[in-house]
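Peer 1: Make a model of this:
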Amino acid sequence: MMRRFLLFLTFFLVLCGLISRDTVVRYDTGYPLSLGPDLGGIETRQVFRQEIAEARPDVVLLGDSVLRDSVDAKAFSSLAGIPAHRIAQGGSASAFWYLALKNSIADASPKPETLVIFFRDTMLTSPGLRVTGDYFAVINEFAGEEDTLLVELAYINPMSWLEQAAGRYLPLYGERINLREILETRLKNTLSGAWLDCRGECVQQALDETFAGEKQDAGEADQAIVRAEDYLYRLEELNFERRLEKSFLPEILRIAEEAGIHLVFVRTKTWRYPDLEDEPAALQRYHQDLAAYLEENGAVLIDFSHDPRLARQLYKDGIHMNADGREVFTRLLAAAFLEQVIR
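Peer 2: The predicted model follows:
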């Protein structure tokens, strides 16, 4: 048995060595590699800046799919008596919100007077949330080569020392994204090309039609997002003081202050801990620290996390509201905005 294992290990190491050598030659990359993704391949997108220039809102609402489902921007504008524009990027989190503020909203003309960011629990201090996989394509559209802080906080800091060492010195790990793209391309094109004479754009068009957004189960997609949020409740995410210095929150506050934009943060309700007595003590302490920090820095916190007026029947899953919930929450938000922000 030991002999077989040693034989397997020998062949495995030789194979890894050959692939690593081929990888180094193919990509002609100097070692050690730099950590984190290369940004700026796509020019920084200014779509939000254009939207703000056209809408000329006094208030911009920024968040993810929860904002999309929870707030009717036109109704909010009417109820609050102030023009508002909604930017709801599905699957976004603090890294994207930081980029949207830094690269678009803060440079808009005219600038909005107020930016309202919608979040859940520890999202504001979880910089590594939703920055890889399909989420990276959106991040990259809004990032530029100068966004080194993004790379540091969202990609490098969450790595262990072993991951950092492997990323710098092991070609199979450091070039894993390029290698995966090669494998995916071959898997997509080999059989379809041999049997159907369909390659390249033909394959991609077929995949786009098959998996078009309107054909996907929206409920299942939202549930997948809910399941992925277990990340927010890991023990290390619940220490506000420790997470703060490694998050985008201080920069978000600094950029908004320099741009003369007033910040409002809205904590939305989820059905993981709908009542205060259900919430773990560590999460309660986290939000006490967050509230104190925001107040010290001149930001307003509107907290709906345990609001009894937001009943379970107003939600379609653990975080997303249905149409009735959207109507109710929009009214509640407008009233809270008038009371706590406009006064």
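
Peer 1: Of all the residues in stretch 107-123, which ones are buried?
Peer 2: By neighbour count on 16 or more other Cβ atoms under 10 Å, the buried set for stretch 107-123 is 108, 111-112, 114-123. C-beta here means a position set from N, CA and C on the backbone, and glycine is covered the same way.

Peer 1: again, but for stretch 248-262
Peer 2: Applying 16+ other Cβ under 10 Å to stretch 248-262 flags Phe248, Leu249, Glu251, Ile252, Leu253, Ile255, Ala256, Ala259, Ile261, His262 as buried.

Peer 1: Just give me the closest of those to Val328.
Peer 2: His262 (25.6 Å; Cβ to Cβ).

Peer 1: Leaving out the residues flanking it, which one is nearest to the closest one?
Peer 2: Thr114 (4.6 Å; Cβ to Cβ, 6 or more residues apart in numbering).

Peer 1: Correct me if wrong: His320 contacts Asp64.
Peer 2: No: using Cβ atoms under 8 Å, His320 is not in contact with Asp64, being 9.8 Å away.

Peer 1: And the strands in the stretch 51-200 of the chain?
Peer 2: Secondary structure of the stretch 51-200 of the chain, counting by DSSP state E, counting those that start in this stretch: strands at 59-63, 84-88, 114-119.

Peer 1: Show the pLDDT at the nearest residue to Arg242 once chain neighbours are set aside.
Peer 2: Nearest residue to Arg242, sequence neighbours excluded (Cβ to Cβ, 6+ apart): Glu236, at 7.5 Å. Per-residue pLDDT puts Glu236 at 90.

Peer 1: what's the answer for the one 4 residues further on, then?
Peer 2: We have a pLDDT of 96 for Phe240.

Peer 1: Please identify the helix or strand for the residue nearest to it when sequence neighbours are not counted.
Peer 2: Leaving aside its chain neighbours, Phe240 sits nearest to Asp289 (3.9 Å; criterion: Cβ to Cβ, 6+ apart). In this structure, Asp289 is located in helix 281-296 according to DSSP states H and E.

Peer 1: Could you list the residues in contact with that helix?
Peer 2: 121-122, 124-125, 233, 235, 238-241, 244, 249, 265, 267, 273, 276, 300-301, 303, 305 (Cβ atoms under 8 Å, 6 or more residues apart in numbering).

Peer 1: Among those, the buried ones, what's the ChimeraX command?
Peer 2: To isolate the buried subset of the contacts of helix 281-296 in ChimeraX, counting by 16+ other Cβ under 10 Å, use the following:
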select :121,122,124,125,238,240,249,265,267,273,300,301,305
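
Peer 1: Could you list which of the contacts of helix 281-296 belong to helices?
Peer 2: Phe240, Glu241, Leu244, Leu249 (DSSP state H).

Peer 1: Can you add distance to Arg285 and give these back as a markdown table?
Peer 2: Formatted as a markdown table, the ones in helices among the contacts of helix 281-296 follow (distance: Cβ to Cβ, whole Å):
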| residue | distance to Arg285 |
| --- | --- |
| Phe240 | 7 |
| Glu241 | 10 |
| Leu244 | 13 |
| Leu249 | 17 |
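
Peer 1: for those, which one is nearest Arg130?
Peer 2: Leu249 (15.8 Å).

Peer 1: give the contact list for the closest one.
Peer 2: Ser94, Leu124, Thr125, Tyr293.

Peer 1: Please tell me how far it sits from Leu290.
Peer 2: 9 Å (Cβ to Cβ, to the nearest Å).

Peer 1: and what of Val116?
Peer 2: 16 Å.

Peer 1: hang on, the earlier thing: nearest to Ile82, out of the ones in helices among the contacts of helix 281-296: which one, please.
Peer 2: Leu249 (25.2 Å).

Peer 1: so where do the helices sit in the stretch 1-150 of the chain?
Peer 2: 2-27, 47-55, 65-70, 73-80, 94-103, 134-142, 148-150 (DSSP state H, counting those that start in this stretch).

Peer 1: least reliable of the ones you listed going by mean pLDDT?
Peer 2: Among the helices of the stretch 1-150 of the chain, helix 2-27 scores lowest, with a mean of 61.

Peer 1: Now mean pLDDT and distance to Leu99 too, for the strands of the stretch 51-200 of the chain, in TSV please.
Peer 2: TSV is the format used below for the strands of the stretch 51-200 of the chain (pLDDT from 0 to 100; distance: least, Cβ to Cβ, whole Å):
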stretch	mean pLDDT	distance to Leu99
strand 59-63	97	11
strand 84-88	96	12
strand 114-119	98	13
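
Peer 1: JSON lines please, covering those strands and showing distance to Ala282.
Peer 2: Below are the strands of the stretch 51-200 of the chain laid out as JSON lines (distance: least, Cβ to Cβ, whole Å):
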{"stretch": "strand 59-63", "distance to Ala282": "24"}
{"stretch": "strand 84-88", "distance to Ala282": "30"}
{"stretch": "strand 114-119", "distance to Ala282": "18"}
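
Peer 1: Which among those strands is found nearest to Glu201?
Peer 2: Using Cβ to Cβ, those put strand 84-88 closest to Glu201, at 31.0 Å.

Peer 1: Tell me the strands beside that closest one, with direction?
Peer 2: Here strand 84-88 has these sheet partners by DSSP bridges: strand 59-63 (parallel).

Peer 1: could you give the angle of the strand it pairs with to helix 73-80?
Peer 2: 130 degrees (axes from the mean of the first three to the mean of the last three Cα atoms, to 10 degrees).
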